[in-house]
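J.: Here you go, sequence then predicted model.
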Amino acid sequence: QQCAQQARVDSTHPPTTCQHSDLLTTIIATIIANVTMKQHRPPISLSRLIVLLILCTTTIANAYKMGDPIHTLMYTEKGTTDVMRSQVPLFGTTRTVQFRAYDREFSLGFEQGMWTIPWIQTTARPRERLEKIVIQFVYSSNSGTIHSISKKVVYAKNEAGMSNRLSQIPVEYVWVKEEPVDLQAGTILMFLATLVTSIVFFIQACNVADGDYDPQSDTDKRSGSRASIGKGM
């Protein structure tokens, strides 16, 4: 039920942006935490930062190729199920598939539910029937990403004596290519510049922390504290 309710809200942000932001935030938070620790303990190893950078680089490199299947979920009142491979959209490929009308309403989610469409009623108004559902994907072939998803429900006049509910619902996936813009390149450059700045800041912080931290001094302090306690007893 919770998944079904969440599917009613359209997502307006590409998942790649969220993933990049989360990873960059994690890297910056790690740097700040390392600096604020100062002399309490040695700085964290550089290997942890390298792992974060690898994850971030992998996320940037993750892009669809033409014809790649897009993971699709179907939300109904009964729950959430995975759509069959023969029914999922293919990146950059316009085609029509058939869905069986099991429920009175349903919704679809794409890319592990990061993109969703509003709920669709399978039963139309009197004298009308659901002819087809058109789902439009705006994408970029250069970056291999989806920019937006929208849907349009097409109704037709129902002939006398025919049911206004179909057993098979045609779903047409329409792909519209978006021309590359300079804004996207600027965003990538800004991200890379921030990443490089964070690395430089982290290395400098490690050098400062290495100079301030003295394991022998820390050991002497602990020994002196124990000696004071022994005299008090």
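T.: Received, thanks.

J.: CA atoms of whichever strand or helix holds K152 as PDB?
T.: Assessed by DSSP states H and E, K152 sits inside strand 145-157. Taking Å, rounded to 0.1, in the frame of the first residue of the first chain, the C-alpha atoms of strand 145-157 are listed here in PDB:
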ATOM      1  CA  THR A 145      20.000   9.400 -19.500                       C
ATOM      2  CA  ILE A 146      16.300  10.000 -19.200                       C
ATOM      3  CA  HIS A 147      15.300  13.700 -18.500                       C
ATOM      4  CA  SER A 148      11.500  13.400 -18.100                       C
ATOM      5  CA  ILE A 149       8.600  11.000 -18.400                       C
ATOM      6  CA  SER A 150       5.000  12.000 -19.000                       C
ATOM      7  CA  LYS A 151       1.800  10.100 -20.000                       C
ATOM      8  CA  LYS A 152      -1.300  10.700 -22.000                       C
ATOM      9  CA  VAL A 153      -4.500   8.600 -21.900                       C
ATOM     10  CA  VAL A 154      -6.400   8.400 -25.200                       C
ATOM     11  CA  TYR A 155     -10.100   7.600 -25.100                       C
ATOM     12  CA  ALA A 156     -12.400   6.700 -28.000                       C
ATOM     13  CA  LYS A 157     -16.100   6.600 -28.400                       C
END
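
J.: hmm, who's touching that strand?
T.: With contacts defined as C-beta atoms under 8 Å, 6 or more residues apart in numbering, strand 145-157 is touched by 12, 14, 16, 63-64, 70, 91, 110-111, 115, 117-118, 120, 124-125, 127-140, 178. Just so you know, the C-beta spots here come from the backbone N, C-alpha and C atoms, and that holds for glycine as well.

J.: now do 6 Å
T.: 14, 16, 115, 117, 124, 128-129, 131-139, 178 (C-beta atoms under 6 Å, 6 or more residues apart in numbering).

J.: what lines up beside that strand in the sheet?
T.: Here strand 145-157 is paired, per DSSP bridges, with strand 128-140 (antiparallel).

J.: Could I get the buried residue list for the strand it pairs with?
T.: 129-131, 133-135, 137, 139-140 (16 or more other C-beta atoms under 10 Å).

J.: ok so, going back, and the strand holding K152, average pLDDT?
T.: Averaging pLDDT along strand 145-157 yields 91.

J.: same thing with stretch 189-206?
T.: pLDDT averaged over stretch 189-206 gives 82.

J.: Okay, now the unreliable bits of the chain?
T.: By pLDDT under 70, the low-scoring segments of the chain are 1-62, 124-125, 160-165, 179-186, 208-233.

J.: So which residues of it form helices?
T.: In the chain, the helices defined using DSSP state H lie at 2-6, 15-37, 46-61, 182-212, 215-232.

J.: count of neighbours near K177?
T.: Residues near K177, counting by other C-beta atoms under 10 Å, number 12.

J.: So what sits opposite it in the bridge?
T.: Assigned bridge partners for K177, using DSSP bridges, are Y139.

J.: Also K151?
T.: With DSSP bridges as the criterion, K151 is bridged to I135.

J.: And F110, by the same measure?
T.: T72, W115.

J.: I'd assumed I70 was in contact with it.
T.: Yes. Contact criterion C-beta atoms under 6 Å: F110 and I70 qualify, at 5.4 Å.

J.: Those two - which one has more neighbours?
T.: Using other C-beta under 10 Å, the more surrounded residue of F110 and I70 is F110, with 22 against 18.
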